[in-house]
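> return atomic coordinates for the entry below.
(chains A and B)
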There are 2 protein chains.
Amino acid sequence: MGGKRIKLTVSYEGTRYHGFQRQPTGITVQESLEKAIEQLQGEPVRIVGSGRTDAGVHARGQVVHFDTEAAIPPERWGAALNSVLPDDIVVRQSEQVSSSFHARYDVKSKTYRYLIDHGRVRDVFLRNRAWHISRPLDLESMVTAATAFVGTHDFTAFCSAKADVGNRVRTITRVDIEKDGNRIWLTFMGNGFLYNMVRIMTGTLVEVGAGKRDVAEIPHLIEAKDRTLTGITAPPQGLYLWSVDYED
Amino acid sequence: MGGKRIKLTVSYEGTRYHGFQRQPTGITVQESLEKAIEQLQGEPVRIVGSGRTDAGVHARGQVVHFDTEAAIPPERWGAALNSVLPDDIVVRQSEQVSSSFHARYDVKSKTYRYLIDHGRVRDVFLRNRAWHISRPLDLESMVTAATAFVGTHDFTAFCSAKADVGNRVRTITRVDIEKDGNRIWLTFMGNGFLYNMVRIMTGTLVEVGAGKRDVAEIPHLIEAKDRTLTGITAPPQGLYLWSVDYED
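Numbering: from 1, shown residues only, chains lettered A, B, ... in the order given. From the prediction side, this is the model:
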């Protein structure tokens, strides 16, 4: 066939969506993208994303691929889709990729960022975009504690108990915590993340920052492989799938 | 009477509102604040704002005052109101002021900021929060042109033709234009602004930046006092009432 495989880099505000992945009920990002592509090419399509994001979670750089026979030039798909997509989804880039490219299987690393609104009073412009925490947080303790995540570990303790069983070993290459005014950004980079893993790591680090947990606790929590010992799952609205990297 | 005058500093995302000021139809920020105050004190109230903002325009620091007989301590009004207000309005501060304080008459200066999203592709997280302009803009020309606004002038040419007639002399003390990544912030400080004045100044400066107008044109436009000669009215969603200053 003369089809092309197209790779899209997509940002979305997740507030209105029941997550990325198609669901029997509730509008999803995947469904909205598929409808927009279908509208342009006149044929139904199934897209493949780099992974799911939960309801309320945002993406700055989600990556998807799909195959098409349409004559639209690959680099024009972005602008064309943006003209028909709802305004809380924006395609940032479109390009043709090899037919062997796979948005999920070929992921080399992912970066997630989590935003905490640390103002005394909630910032109205971070509504649905951050976790508002007004109590004091000791950032230095959080930074120290976070270093324990870096490396290759079994992250069972930082994975939703509802997740499918399977290999729970992941490699985290970087955790950064930066403060910019009242905004605290936590950045997590790794080869993959388990279900709710970033939100549970964030919740646990916040408990360290609030003085509810010892800064040296993380290695023991990882070791114990017990979800009931780790922190709360930080709320979805502060989480951003920031970027997805692939092998050249 | 044993009443207190309370001053509130309020931020809101204007997207959902038909502007600040009460209207016969359509929900407004004023009405939402008045309902919240009434809910807390059990008595109807009328608040006075520093001025109007249009539909879709935001505020970081709108100021209002009202009088109350309620026993709520002045500094607690903020938290109390935030517990009953819709989540796109946040009271940042509440304090008791002298009964002679007036949120509109006593304004010494106001700062408005206008946000341009200057990315090639629209930033989904600036949806309803900025004016997306993808064409090139010569910032240096805009900065040079903007200096002509500073001073005391008759701003008839930069005022909506629909505005009530009256004294159209205003003093602009500062215009700054800064770029931060893809975000261009225009900051206007002055003793008062006419209807649509910041949006028309912004629209005109953008036309200078786009090369559609000469950088030296502004003084002549001010002089001509003719709205038909000045630029377009920039869209409301990029405008923020940033702060309102009063005499001590």
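> any idea how far A:Asp180 is from A:His58?
18 Å (Cβ to Cβ, to the nearest Å). The way it works is simple: take the backbone N, C-alpha and C, and place the C-beta from them, glycine included.
> and the two? which has more neighbours close in?
A:His58 (26 against 7; other Cβ atoms under 10 Å in any protein chain shown).
> return the residues in contact with that one.
Applying Cβ atoms under 8 Å, 6 or more residues apart in numbering or on different chains to A:His58 gives the contacts A:11-15, A:129, A:237, A:239-241, B:125.
> could you pull out the strands for chain A?
Per DSSP state E, chain A has strands spanning A:4-12, A:48-49, A:58-68, A:89-97, A:107-117, A:131-132, A:151-154, A:169-180, A:183-190, A:239-246. These are given in chain order.
> and chain A, which residues reach chain B?
Applying Cβ under 8 Å from any Cβ of the partner chain, we find that chain A lies next to chain B at A:11-13, A:58, A:60, A:78, A:82, A:87-93, A:121-125, A:127, A:129.
> buried only: go through the residues you listed for me.
The neighbour count (16 or more other Cβ atoms under 10 Å in any protein chain shown) marks A:11-13, A:58, A:60, A:78, A:82, A:88-92, A:121-125, A:127, A:129 as buried among those.
> tell me what A:Val64 is bridged to.
A:Leu8, A:Gly49 (DSSP bridges).
> surely it and A:Arg5 touch.
No - using Cβ atoms under 8 Å, A:Val64 is not in contact with A:Arg5, being 11.0 Å away.
> higher neighbour count, these two?
A:Val64 (23 against 19).
> separation between that one and chain B?
Applying Cβ to the nearest Cβ, to the nearest Å, the value for A:Val64 to chain B is 15 Å.
> contacting residues for that residue?
Contacts of A:Val64 (Cβ under 8 Å, 6+ apart): A:7-8, A:10, A:30, A:33, A:47-50, A:103.
> if we go to 6 Å?
A:8, A:47, A:49, A:103 (Cβ atoms under 6 Å, 6 or more residues apart in numbering or on different chains).
> could you list the buried residues of stretch A:207-225?
Per 16+ other Cβ under 10 Å, stretch A:207-225 contains these buried residues: A:207-210, A:213, A:215, A:217-218, A:221-222.
> again with stretch A:59-68
In stretch A:59-68, counting by 16+ other Cβ under 10 Å, buried: A:59-66, A:68.
> again with stretch A:5-18
Neighbour count says stretch A:5-18 has A:5-14, A:17-18 buried, by 16+ other Cβ under 10 Å.
> turn those residues into CSV, columns for distance to B:Tyr246 and pLDDT.
Below are these laid out as CSV (distance: Cβ to Cβ, whole Å; pLDDT from 0 to 100):
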residue, distance to B:Tyr246, pLDDT
A:Arg5, 61, 98
A:Ile6, 56, 98
A:Lys7, 55, 98
A:Leu8, 51, 98
A:Thr9, 47, 98
A:Val10, 46, 98
A:Ser11, 40, 98
A:Tyr12, 42, 98
A:Glu13, 36, 98
A:Gly14, 40, 97
A:Tyr17, 43, 97
A:His18, 47, 97
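> and of these, the nearest to chain B?
A:Ser11 (4.6 Å; Cβ to the nearest Cβ).
> that closest one touches A:Val90, doesn't it?
Yes - between A:Ser11 and A:Val90 there is a contact under Cβ atoms under 6 Å: 5.2 Å.
> what is in contact with those two at once?
What both A:Ser11 and A:Val90 touch, as defined by Cβ under 6 Å, 6+ apart, is the set B:Val124.
> can you tell me which of the contacts of A:Val64 is nearest chain B?
Among those, and counting by Cβ to the nearest Cβ, the member closest to chain B is A:Leu8, at 11.7 Å.
> and the gap between that closest one and A:Val29?
11 Å.
> overlap in contacts, those two.
In contact with both A:Leu8 and A:Val29: no residue, using Cβ under 6 Å, 6+ apart.
> what about A:Asp154, how many neighbours?
15.
> with A:Ile133 instead?
For A:Ile133, using other Cβ under 10 Å, the count is 18.
> give me the low-pLDDT residue ranges for chain A?
A:1-2 (pLDDT under 70).
> mind doing that once more with 90?
Scanning chain A with the threshold set as pLDDT under 90 gives A:1-2, A:24-25, A:161-166, A:247-248.
> hang on, the earlier thing: closest to A:Arg113 among the buried residues of stretch A:5-18?
Minimum distance to A:Arg113 across those is 12.7 Å, recorded for A:Ser11 (Cβ to Cβ).
> quick one, what contacts that closest one?
A:59-60, A:90, A:92, B:124.
> what's the nearest residue to it if we skip its chain neighbours?
B:Val124 (4.6 Å; Cβ to Cβ, 6 or more residues apart in numbering or on different chains).
> in this structure that neighbour contacts A:Glu13, no?
Yes - using Cβ under 6 Å, B:Val124 is in contact with A:Glu13, at 5.5 Å.
> rewinding a little: distance to A:Tyr112 added to the contacts of A:His58, as TSV?
What follows is those, written out as TSV (distance: Cβ to Cβ, whole Å):
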residue	distance to A:Tyr112
A:Ser11	14
A:Tyr12	15
A:Glu13	16
A:Gly14	13
A:Thr15	17
A:Arg129	15
A:Gln237	14
A:Leu239	6
A:Tyr240	7
A:Leu241	6
B:Phe125	16
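> out of those, give me the two with the largest separation.
A:Ser11 and A:Gln237 (15.4 Å).
> what residues does the spatially closest residue to A:Trp77 that is not a sequence neighbour make contact with?
Nearest non-adjacent residue to A:Trp77, counting by Cβ to Cβ, 6+ apart: A:Ser94, 3.7 Å away. For A:Ser94, the contacting residues are A:6, A:8, A:74, A:77-78, by Cβ under 6 Å, 6+ apart.
> wait, which of the residues you listed is closest to A:Ile200?
For those, the nearest to A:Ile200 is A:Leu8 (29.2 Å; Cβ to Cβ).
> who touches that closest one in this structure?
Contacts of A:Leu8 (Cβ under 6 Å, 6+ apart): A:64, A:91, A:94.
> one more pass at 8 Å, please.
So A:Leu8 contacts A:33, A:47, A:63-66, A:77-78, A:81, A:91, A:93-94 (Cβ under 8 Å, 6+ apart).
> what does A:Ala80 give?
Contacts of A:Ala80 (Cβ under 8 Å, 6+ apart): A:40, A:72.
> separation between A:Arg206 and A:Ala146?
Careful, residue A:206 is Val; it's not Arg. Distance from A:Val206 to A:Ala146, by Cβ to Cβ: 11 Å.
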